[in-house]
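J.: Next one to model:
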Amino acid sequence: MNAINLEMMEEMASAWARLDRDAEARVAVLTANGRAFCTGLDMKDIAAGRMNHSILTTATPNRFSPASQSKPVIGAITGPAIGAGLDFVAMDCDIVVAAEHVTFGMPEVGVGMASLGSPFAAARVPRAVVMEMFLTGEPITAQRAQEIGLINYVTASDQVLPKAMALAQKVAEHAPNAVRQSRRNLLDACTAPPASRDSETAAARKPDIQQSATKGVEAFVNKRRAVW
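T.: Here you go, the predicted structure:
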């Protein structure tokens with residue numbers, strides 16, 4: 001299900017660093033194997049104490065995110081993108097193509113976690129939609145995601161990668177320095193002030209949030225409903 005653990009973070013961080021150093025590469029396409037694009041944090045690792053929910057407030061996610069390097073990234077999404085998989089992976093892609101059956105969601109509240117990534121979500125999606133996704137934990141369809149501007153294209157499953165590659169080819173045809181600077185200018189204009197991320201980081205580390213996250217993750221791993 002492509003759940004995020006520390007190993008995945010380090011592998012992706014390494015891949016993005018290689019992309020940034022590769023003078024021949026002008027654009028990347030990010031896709032995934034399996035039923036899901038990414039189901040978010042690995043709950044079993046969290047329950048076992050190998051990883052903490054607040055890991056996403058450290059410097060590590062900044063390196064494993066597509067936004068961590070200077071070149072455009074096109075997301076080819078053929079399965080659900082959930083939680084941190086939506087926040088730090090799909091939403092950080094510059095252009096996104098998704099299959100018709102794909103869903104997007106931020107279900108953290110269901111396991112006692114405070115949703116992270118709100119500064120980035122608020123920069124891409126209308127406030128009312130972000131609020132509903134964060135507070136109810138309910139996913140949205142690919143069609144709805146396109147309507148609200150979260151993604152660019154919805155297509156049949158077998159056309160997702162070809163469409164993403166065609167877009168990548170268009171990007172690669174242009175002057176690479178102009179492309180990189182245009183991307184940087186737009187990201188700088190859309191990115192929330194650092195204070196927003198700092199506030200979110202502090203909130204994720206509050207004892208009551210940590211306690212509810214522990215309780216929720218234990219319930220999830222043991223396939224029972226947490227009582228709040």
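J.: how about stretch 164-182 as PDB, C-alpha atoms only?
T.: Taking only C-alpha atoms (Å, rounded to 0.1, in the frame of the first residue of the first chain), the coordinates of stretch 164-182 have been written out as PDB:
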ATOM      1  CA  ALA A 164       2.000  12.400 -17.600                       C
ATOM      2  CA  MET A 165       4.800  11.600 -19.900                       C
ATOM      3  CA  ALA A 166       3.300  13.800 -22.700                       C
ATOM      4  CA  LEU A 167       3.200  16.700 -20.200                       C
ATOM      5  CA  ALA A 168       6.700  16.000 -19.200                       C
ATOM      6  CA  GLN A 169       7.800  16.100 -22.800                       C
ATOM      7  CA  LYS A 170       6.200  19.500 -23.200                       C
ATOM      8  CA  VAL A 171       8.000  20.900 -20.100                       C
ATOM      9  CA  ALA A 172      11.300  19.400 -21.300                       C
ATOM     10  CA  GLU A 173      11.100  21.200 -24.600                       C
ATOM     11  CA  HIS A 174      11.500  24.600 -22.900                       C
ATOM     12  CA  ALA A 175      14.700  26.300 -21.600                       C
ATOM     13  CA  PRO A 176      15.400  24.500 -18.300                       C
ATOM     14  CA  ASN A 177      16.600  27.600 -16.400                       C
ATOM     15  CA  ALA A 178      13.400  29.500 -17.400                       C
ATOM     16  CA  VAL A 179      11.300  26.500 -16.300                       C
ATOM     17  CA  ARG A 180      13.000  26.100 -12.900                       C
ATOM     18  CA  GLN A 181      12.800  29.800 -12.200                       C
ATOM     19  CA  SER A 182       9.200  30.100 -13.200                       C
END
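J.: For Met113, which three-state class applies?
T.: Reducing the assignment to helix, strand or coil with DSSP: H, G, I helix; E, B strand; the rest coil, the entry for Met113 is coil.
J.: how many other residues sit next to it?
T.: Using other CB atoms under 10 Å, the number of residues around Met113 comes to 26. To be clear about C-beta, it is placed using only N, CA and C from the backbone, and glycine gets the same treatment.
J.: And it, how close does it get to Val129?
T.: Using CB to CB, to the nearest Å, one gets 20 Å for the distance from Met113 to Val129.
J.: Quick one: end-to-end length of stretch 80-90, please.
T.: Criterion CA to CA, to the nearest Å; first-to-last residue distance in stretch 80-90 is 10 Å.
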